[in-house]
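Chemist: What follows is a predicted protein model with its sequence.
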Amino acid sequence: MQGLKNLFLPKFEQLSSDIHTVQTNVQNRFQNLENTIDQINASMETLQVDIHQQQSNLELQLQQPLPHPWRHSPLYSNHLLEPLVQNTQPAHPQSITTRPTTSHETDDPLAGGLRYFTPVSQNPGFQHLFVPARGRRELSGLRRLLIEKARFKKGSVIDLHFPNSSTIAILVHNDYAATALDLLRARGLEPIDKFDLYHPDNLGDPAFRDKYIEERTTKMKEIADNQYYTTIEGLAYKPKVQLAVARDFLRHNKITAQYIQDLLQRQNSPMAQSQPPKGDLLTLLTPEDDDMEESTQHHDTNNSLSTIMDATASSVHTSLTGDGEPAPAK
């Protein structure tokens, strides 16, 4: 009997090892498939936004009056046609107002839908960049500041929040992280290399000022962990990006699998699919560049969390009514 055991035991162990290896390979392939689907969904959504933007530009061009063909004729003479021009000009000419195009809107060579033809990212996922800040400001203004002054590409800033009163966290895609760091450093802004979200010093609530460090650390961990859920909920206006961010947070054990299941049920519910998106026309065409109603609610939630983390900074915290833009970065 012992001989049979010695004969078959190594084979059973080898078989168990092979099964474990196959299971691991299947899980890895399934994970890679999910990453690919996320990237394809993000690319398709970007393509849709680009198409809408092109359509908006064409409609704007159609509203402009056509030039007079005789003005471009070689027979045209200012001297001969001056009386005719004077008689045909309206007494009060109306000026045509067009939206100015800033230089950073044309920086992307893949605009207009060409991004659809690029390969799927081999570095899926998202990461936070931490930058020093002089107190809290309204988040929509900071997003515009990064785009207009720091030259961030539109749609690259996935989320913003304050982990404490002197630090801003910028959530970007892994593929854009190196570019974002270069843009910040090019303007003399040095990101924080290693920022500890759970450090008890991030907690500025006076109620915890005299507490033991263990209690302060526990409270800070509770707030920081809850921020991941707040970030996901704030992306409800872009379901595909919301799901991609949630899956990445799950891969890093920042949220629970049950939350992902609940999120999928909410996104696939008939009520969610039947409700039209909220916001004005410009918001619906370019959701990455403007704060939507849901995003504003997300910012309010972020600000309430930040108040707990540092109640002493309430004097510098502004509301979301547009109380002014921070000074331009030099």
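Modeler: Received it, and whenever you're ready, just let me know what you need. Being a predicted model, the structure only gives us computed values, none of them experimental.
Chemist: Secondary structure element holding residue 130?
Modeler: strand 126-132 (DSSP states H and E).
Chemist: what residues does that strand touch?
Modeler: 158, 163, 166-174, 177, 180-181, 184, 189-192, 195, 244-245, 248 (Cβ atoms under 8 Å, 6 or more residues apart in numbering). Every residue, glycine included, has its C-beta placed from N, CA and C.
Chemist: do stretch 181-192 as well
Modeler: 129-132, 149-152, 167, 329-330.
Chemist: Isn't residue 202 up against residue 162?
Modeler: No. Contact between residue 202 and residue 162 fails when scored by Cβ atoms under 8 Å: they sit 9.7 Å apart.
Chemist: Please identify which of those two sits among more neighbours.
Modeler: Legend: neighbour count by other Cβ atoms under 10 Å for residue 202 and residue 162, higher for residue 162 (26 against 23).
Chemist: That one belongs to a strand, doesn't it?
Modeler: Yes. Under DSSP: H, G, I helix; E, B strand; the rest coil, residue 162 sits within a strand.
Chemist: Distance of the residue lying closest to residue 129 once chain neighbours are set aside relative to residue 114?
Modeler: Nearest residue to residue 129, sequence neighbours excluded (Cβ to Cβ, 6 or more residues apart in numbering): residue 170, at 4.5 Å. Distance of residue 170 to residue 114, computed by Cβ to Cβ, to the nearest Å: 26 Å.
Chemist: Residue 126 now?
Modeler: Distance from residue 126 to residue 114, counting by Cβ to Cβ: 23 Å.
Chemist: Neighbour count: those two, which is higher?
Modeler: Neighbours were counted for residue 126 and for residue 114 using other Cβ under 10 Å; residue 126 has more, 21 against 12.
Chemist: can you pull the contacts of the residue nearest to the more buried one when sequence neighbours are not counted?
Modeler: Nearest residue to residue 126, sequence neighbours excluded (Cβ to Cβ, 6+ apart): residue 248, at 5.2 Å. Contact analysis of residue 248 by Cβ under 8 Å, 6+ apart lists 124-126.
Chemist: Just put those in a markdown table and tack on distance to residue 234 and pLDDT.
Modeler: Listed next are the contacts of residue 248 as a markdown table, based on distance: Cβ to Cβ, whole Å; pLDDT from 0 to 100:
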| residue | distance to residue 234 | pLDDT |
| --- | --- | --- |
| 124 | 21 | 88 |
| 125 | 18 | 95 |
| 126 | 13 | 97 |
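Chemist: Need those in a markdown table (columns: distance to residue 26).
Modeler: A markdown table is the format used below for the contacts of residue 248 (distance: Cβ to Cβ, whole Å):
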| residue | distance to residue 26 |
| --- | --- |
| 124 | 19 |
| 125 | 21 |
| 126 | 25 |
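Chemist: Show me which of the contacts of stretch 181-192 is closest to residue 55.
Modeler: Nearest to residue 55 among the contacts of stretch 181-192, counting by Cβ to Cβ, is residue 152 at 24.6 Å.
Chemist: Could you measure from the residue nearest to that closest one when sequence neighbours are not counted over to residue 53?
Modeler: Nearest residue to residue 152 in three dimensions, chain neighbours excluded: residue 146, at 4.4 Å (Cβ to Cβ, 6+ apart). Distance of residue 146 to residue 53, given as Cβ to Cβ: 20 Å.
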